[in-house]
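A.B. asks: When you get a sec, could you give me coordinates for this:
(one chain, ligands or ions: 1)
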Amino acid sequence: MKVTEKMSQRDTLNSHHSEVLLEVNRLTKMYGKVQALKDVSFSVKNGSSYGLLGPNGAGKSTTMKILTGVIKANKGSAKLLGKDVSKDQAIVSKYIGYVPQEITLYEQLSAYDNLIFFGQMYGMQGNALKKRVEEVLIQTGLADRGKDAIKTFSGGMKRRINIGAALLHRPKLLILDEPTVGIDPQSRNHIFDMIRDLNRQGTTIIYSTHYMEEVEVLCDEIAIIDEGSVKAQGPLGALLEEFGKKAIYLEVANMDIPPELSEDIKVVKEGSGWILETEKVAETMKVLLNLAAANHWEVKQLEIVRPSLENVFLRVTGTALRD
Ligand SMILES: Nc1ncnc2c1ncn2[C@@H]1O[C@H](COP(=O)(O)OP(=O)(O)OP(=O)(O)O)[C@@H](O)[C@H]1O
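C.D. replies: Numbering: from 1, shown residues only. Presented below is the predicted three-dimensional model:
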């Protein structure tokens, strides 16, 4: 099927979680005269996997830095378990693991020693820390490279250790800022598996990206961010339903002009067939089947085009999301 797109298989996953873990309310952030965020609000349920989708410069990193107390908002609040993150660094350190966009590791030290160092920053020590570092090395898939210096690692391997560092204290909420940018496919897959496993085991995830396919496979809810504000948010399935384009793809061998249909159906040429955009998909399908039988069409393809996140993005931001 050429024009179709896979729907999220994760819509139903974790749907039993309803308690709100993080409540973000009208965050506004100025960098001098640059307005990076305007009234950004969203809420993240305990146990969910929440995606922040937007192009470069949309404000994703700024949002994440405010959530983790790295910078302060000019207005608005972010509350974790009801506590304001800007006023309670203790709750942030205890419950949040943050993987910033920039990799921060000591190149000369081994992966193991880097993790020990980060664990000590979280107040961990002794055998408990050593044991935890070994567990995390296994989780990152790099246990056999633990003794090697970070400078001998690929970018993707460094990123995995960086994620590992944020996991040592078993955070309730893991925040990852575009963790797959510029990374080899093997590490990317490993990172996806790690995130899925953590989420299955109950860790809440906030994941930012400018790749639609990443939120489609990883996230059950998303916020689309553009130019510092949230343009749409909700469960992936609900957004596809609300903003996705509904259409039928028709290709007929012995016909070079589209059939005459009701005026509210928009017809667009696509490959050797047509896309028929309509809200009334089932009804139009019936009409087409009748026309096909009555007029002896040699139908090569007749199928419902499922709404894609790309349509949704285009519809809510007015622009396509390009890399
Ligand atoms: N320290 C800063 N000083 C001035 N402007 C900044 C600073 N940090 C970010 N900005 C601006 O704020 C806006 C939002 O940036 P932000 O980094 O949050 O976006 P992003 O969605 O994370 O994109 P990227 O993927 O490029 O990091 C952009 O216009 C950016 O240029």
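A.B. asks: got the residues of the stretch 151-300 of the chain near the ligand?
C.D. replies: Glu178 (CB under 6 Å from any ligand atom). Every C-beta, even on glycine, is put in place using the N, C-alpha and C of the backbone.
A.B. asks: where along the stretch 151-300 of the chain do the strands fall?
C.D. replies: With strands called from DSSP state E, counting those that start in this stretch, the stretch 151-300 of the chain shows them at 173-177, 204-209, 221-226, 229-235, 247-252, 266-270, 273-277, 299-305.
A.B. asks: Check which helix or strand the closest residue to Ser229 other than its chain neighbours maps to.
C.D. replies: Nearest non-adjacent residue to Ser229, counting by CB to CB, 6 or more residues apart in numbering: Lys38, 4.6 Å away. Using DSSP states H and E, Lys38 falls within strand 34-45.
A.B. asks: Need the CA coordinates for that strand. CSV is fine.
C.D. replies: Extracted C-alpha coordinates of strand 34-45, given in CSV (Å, rounded to 0.1, in the frame of the first residue of the first chain):
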residue,chain,number,x,y,z
VAL,A,34,13.7,36.4,21.8
GLN,A,35,10.5,34.8,22.9
ALA,A,36,11.3,31.0,23.1
LEU,A,37,8.1,29.9,24.8
LYS,A,38,4.6,31.4,24.9
ASP,A,39,2.1,29.9,27.3
VAL,A,40,3.2,26.3,26.9
SER,A,41,0.8,24.0,28.8
PHE,A,42,0.5,20.2,28.8
SER,A,43,0.2,17.4,31.3
VAL,A,44,2.0,14.0,31.5
LYS,A,45,0.3,11.0,33.0
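A.B. asks: Next, the buried residues of it.
C.D. replies: Buried residues in strand 34-45, defined by neighbour count with 16 or more other CB atoms under 10 Å: Ala36, Leu37, Lys38, Val40, Ser41, Phe42, Ser43, Val44, Lys45.
A.B. asks: go on, stretch 275-291?
C.D. replies: Ile275, Leu276, Glu277, Thr278, Thr284, Met285, Val287, Leu288.
A.B. asks: Touching, the last one and Glu303? I think so.
C.D. replies: The reference is to Leu288. No: Leu288 is beyond contact range of Glu303, at 10.7 Å (criterion: CB atoms under 8 Å).
A.B. asks: follow-up on the earlier one: the residue nearest to Ser229 and the ligand, how far apart?
C.D. replies: From Lys38 across to the ligand, the span is 11 Å (CB to the nearest ligand atom, to the nearest Å).
A.B. asks: which residues touch whichever helix or strand Glu135 is part of?
C.D. replies: Per DSSP H and E, Glu135 falls inside helix 126-140. Helix 126-140 is contacted by residues 111-112, 115-116, 119-120, 124, 143, 146, 160-161, 163-164, 167-168, 190, 194, 197 when judged by CB atoms under 8 Å, 6 or more residues apart in numbering.
A.B. asks: For the chain, name the helix or strand with the lowest mean pLDDT.
C.D. replies: When the helices and strands of the chain are scored by mean pLDDT, DSSP states H and E, helix 309-317 comes last with a mean of 86.
A.B. asks: hmm, back to that, what do Leu288 and Glu303 both touch?
C.D. replies: Ile248.
A.B. asks: Poorly predicted segments of the stretch 201-323 of the chain, please.
C.D. replies: Applying pLDDT under 70 to the stretch 201-323 of the chain picks out residues 322-323.
A.B. asks: swap the cut-off to 50 and go again
C.D. replies: Within the stretch 201-323 of the chain, no range satisfies pLDDT under 50.
A.B. asks: Pull out the buried positions in stretch 209-217.
C.D. replies: Those would be Thr209, His210, Tyr211, Met212, Glu214, Val215, Glu216, for stretch 209-217 by 16+ other CB under 10 Å.
A.B. asks: next one: stretch 254-263
C.D. replies: So for stretch 254-263, counting by 16+ other CB under 10 Å, buried means Met255, Pro258, Pro259, Leu261.
A.B. asks: roughly how far is that stretch from the heart of the chain?
C.D. replies: 39 Å (CA atoms, centre = their mean, to the nearest Å).
A.B. asks: do the same with stretch 157-166
C.D. replies: Taking mean C-alpha positions (CA atoms, centre = their mean), stretch 157-166 and its chain are 19 Å apart.
A.B. asks: average model confidence for that stretch?
C.D. replies: On average, the pLDDT along stretch 157-166 is 96.
A.B. asks: residues near the residue in the stretch 151-300 of the chain positioned nearest to the ligand, how many?
C.D. replies: At 5.8 Å from the ligand, Glu178 is the closest residue in the stretch 151-300 of the chain, using CB to the nearest ligand atom. Neighbours of Glu178 under the rule other CB atoms under 10 Å: 21.
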